[in-house]
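A.B. asks: dropping a prediction and its sequence here:
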Amino acid sequence: MPPSEPPLTDPVPLDGMQAPGPAGRLLARGRVAQESWSHTHLAARVACLVGAAHEMLARRQEAMDLATREIGKVHAEALFNEALGPLDAVKGWARVLRPALRRRRVPLNPLGFPGKRAWVEAVPRGVVAIIAPWNFPVAGLYRSVFPALLSGNAVVLKPSELSPRSSGWFAELLAGHLPAGVLQVLQGDGAMGAALLDARPDACVFTGSPATGRKVSVRCADLGIPCSAEMGGKDPAIVLADCDLERTVAGITHWALCNAGQACGAIEVVYAERAIADALVSRLGEVWSALRSGPLHGAASDVAPMASARQLEVVRQHVEDARARGATVVTGGAPLGEGLWFPPTLLDHCNHAMAVVRDETFGPVLAVVRVEGPAEAIRAANQLRYGLGASIWTRDLARGQRLAERLDYGVVSINNHSFTGAVPALPWSGTRATGFGVANSALALPTFVRPRAVVVDRRKQPELYWMPYDQGLLELGDVLADLQNNRLGRAWKLPGLMRRRMRALRDFFRRRHSAQLR
Ligand code: NAD
């Protein structure tokens, strides 16, 4: 059951600072709702989200249908990627947050800080603006919306203009389990996202392209809003000669083509050690030609269509550019000419001059770059523009781990690829153009909570170093500095100096400030 209704009144202007327009109204309403939500016990907040997750699971067909209609998800991916995860995500976040949000005692040295106690508490930021992409319009929201709410914030969610109904379904269902105003939705395009920032939320979580991420980060910096920006990826897989070929082919196929490659953690480049490159390309070609994709199979396909005509055009241009620069098209290569379908496309003999290797393609396309060995592969991978996920495929796990340490990426996998994007306990982050944002794990919490240090002092007398100053204090400081420097010659003077100083302070304050020391 949701906790009792917060004292929700009309949107309250904050000292006349309420921003105009719909974004400003939602923020003002969110601030009122957040006040009592932040005082709700974590267990009660978790209970609200668990209730919502159960309802999402029961009504999963609605989410699946919307994701298929809106951005072309195939049935299996709508079920596994959008519908199956909410309960695990809520429970996982509860496990991360229970210890992380607990008040933490900080011991203070009783000699330096006599009579004092201190602790740190995590204070929710207030109203968090979440600006989201379209590619995982339901499940992609768990890792920002759930921790924001569970740590005591209100949320204003701005879904992508390409997936308003799927993301809106999620938000409406979830809001039904929360006090009014705790989760609100602001639909619209980029201009609406910008207006949301102008209304000055207390924090912002952005997920999307680097171009938008840069604009959002700059605007947030201007307005002094803490912002976590997670941007694109161009994940490489490094295939070593000793890999298990069948496992590698199956794994790379899945992680290159899942969601038609429209995932930040999709494998887009393979660095294949020359000794295995022919076998790998030939086996990938066979498998990819056998996958179902296209209007004939529709949502029963293995590989989905593109989500938008714009995305289809980017993919077409990257493939054309690669072909013109000498890549070999092993399978696929051009749009199917019906709807937004682009067939699984495998390109061999690629290099770093090609857009398909340099830039995010976000489509069902894999570029194979042949390398002499792991050293060359790692050097090349670390030069890619993005730094989200990378994987190494080898039978020698110890060697794989050693090589992984040299990969300048946020998520590194051996014999699998970035499957942990939805695991609340594991950080999901990147380097270079992927941005500095961290999703998942306690390391993501600074976006949602700020620390408050609280200190309680039970002493009655003034502190030695408080005003007014005198010669005795200077001498005392000198002896203390010597002590810290292991020069103990004048240590015997310390008790006397401290007593004298305390007496001087007592005398001064007894004289009711009427006289000077000395
Ligand atoms: P996008 O940058 O076009 O849009 C993202 C969101 O920003 C949308 O809601 C959009 O309306 C909003 N927006 C646009 N201009 C804005 C502005 N000036 N101010 C505020 N908001 C604005 O990205 P997209 O096409 O929706 O998503 C695809 C991108 O997202 C890809 O690059 C992909 O790699 C990335 N992505 C990254 C991750 C990750 O975890 N790193 C996860 C999913 C997607």
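C.D. replies: On my side now, so go ahead. Since we're looking at a predicted model, the values are computed, not measured.

A.B. asks: which residues of the stretch 51-200 of the chain lie near the ligand?
C.D. replies: The stretch 51-200 of the chain comes close to the ligand at residues 131-135, 140, 158, 160-161, 189-190, 193-194, 197, as judged by Cβ under 6 Å from any ligand atom. Placement of C-beta: from N, CA and C, glycine included.

A.B. asks: which one of those residues sits closest to residue 497?
C.D. replies: residue 197 (56.1 Å; Cβ to Cβ).

A.B. asks: right, and the closest one touches residue 128 too?
C.D. replies: No: between residue 197 and residue 128 there is no contact under Cβ atoms under 8 Å: 11.9 Å.

A.B. asks: burial count for the spatially closest residue to residue 87 that is not a sequence neighbour?
C.D. replies: Once flanking residues are discounted, residue 87 sits nearest to residue 53: 4.2 Å by Cβ to Cβ, 6 or more residues apart in numbering. Using other Cβ atoms under 10 Å, residue 53 has 22 neighbouring residues.

A.B. asks: any idea how far residue 53 lies from the ligand?
C.D. replies: Residue 53 is 21 Å from the ligand, where distance means Cβ to the nearest ligand atom, to the nearest Å.

A.B. asks: do the same with residue 276
C.D. replies: 29 Å.

A.B. asks: picking that back up, now the buried members of the residues of the stretch 51-200 of the chain next to the ligand.
C.D. replies: Taking 16 or more other Cβ atoms under 10 Å as the criterion, what is buried in those is 131-135, 140, 158, 160, 193-194, 197.

A.B. asks: can you tell me which of these is closest to residue 274?
C.D. replies: Among those, and counting by Cβ to Cβ, the member closest to residue 274 is residue 135, at 33.9 Å.

A.B. asks: who does the residue positioned nearest the centre of the chain bridge with?
C.D. replies: Of all residues in the chain, the one closest to the mean position by Cα atoms, centre = their mean is residue 439, 2.1 Å from it. Per DSSP bridges, the residues bridged to residue 439 are residue 428.

A.B. asks: got the phi/psi numbers for the residue of the stretch 201-350 of the chain found nearest the ligand?
C.D. replies: Residue of the stretch 201-350 of the chain nearest the ligand, by Cβ to the nearest ligand atom: residue 208 (2.7 Å). Phi and psi for residue 208, reported as degrees, to the nearest 10, are phi 170, psi -150.

A.B. asks: pretty sure it contacts residue 131?
C.D. replies: Yes: the criterion here is Cβ under 8 Å, and residue 208 meets it with residue 131 at 6.9 Å.

A.B. asks: common neighbours of these two, please.
C.D. replies: residue 216 (Cβ atoms under 8 Å, 6 or more residues apart in numbering).

A.B. asks: next, the buried residues of stretch 422-436.
C.D. replies: Applying 16+ other Cβ under 10 Å to stretch 422-436 flags 422-424, 426-430, 432-435 as buried.

A.B. asks: same deal with stretch 163-178?
C.D. replies: Result for stretch 163-178 [16+ other Cβ under 10 Å]: buried residues 163-171, 173-175, 177-178.

A.B. asks: same question for stretch 373-384.
C.D. replies: Within stretch 373-384, the residues that count as buried by 16+ other Cβ under 10 Å are 374, 376-378, 380-382, 384.

A.B. asks: cool, and stretch 275-295?
C.D. replies: So, applying 16+ other Cβ under 10 Å, buried residues of stretch 275-295: 276-277, 280-281, 283-285, 287-288, 291, 293-294.

A.B. asks: likewise stretch 440-449?
C.D. replies: Residues of stretch 440-449 classed as buried by neighbour count (16+ other Cβ under 10 Å): 440-442, 444-445, 447-449.

A.B. asks: go on, stretch 360-374?
C.D. replies: Residues 360-371, 374 are the ones in stretch 360-374 that count as buried (16+ other Cβ under 10 Å).

A.B. asks: can you tell me which of the residues you listed end up in strands?
C.D. replies: Cross-referencing the buried residues of stretch 360-374 against strands under DSSP state E gives 365-371.

A.B. asks: return the residues in contact with residue 407.
C.D. replies: Residue 407 makes contact with 378, 381-382, 390, 392, according to Cβ under 8 Å, 6+ apart.

A.B. asks: same thing but at 10 Å, please
C.D. replies: 236, 238, 377-378, 381-382, 387, 389-392, 431 (Cβ atoms under 10 Å, 6 or more residues apart in numbering).

A.B. asks: sorry, back to before: find the residues that touch each one of residue 197 and residue 128.
C.D. replies: In contact with both residue 197 and residue 128: 204, 225, using Cβ under 10 Å, 6+ apart.
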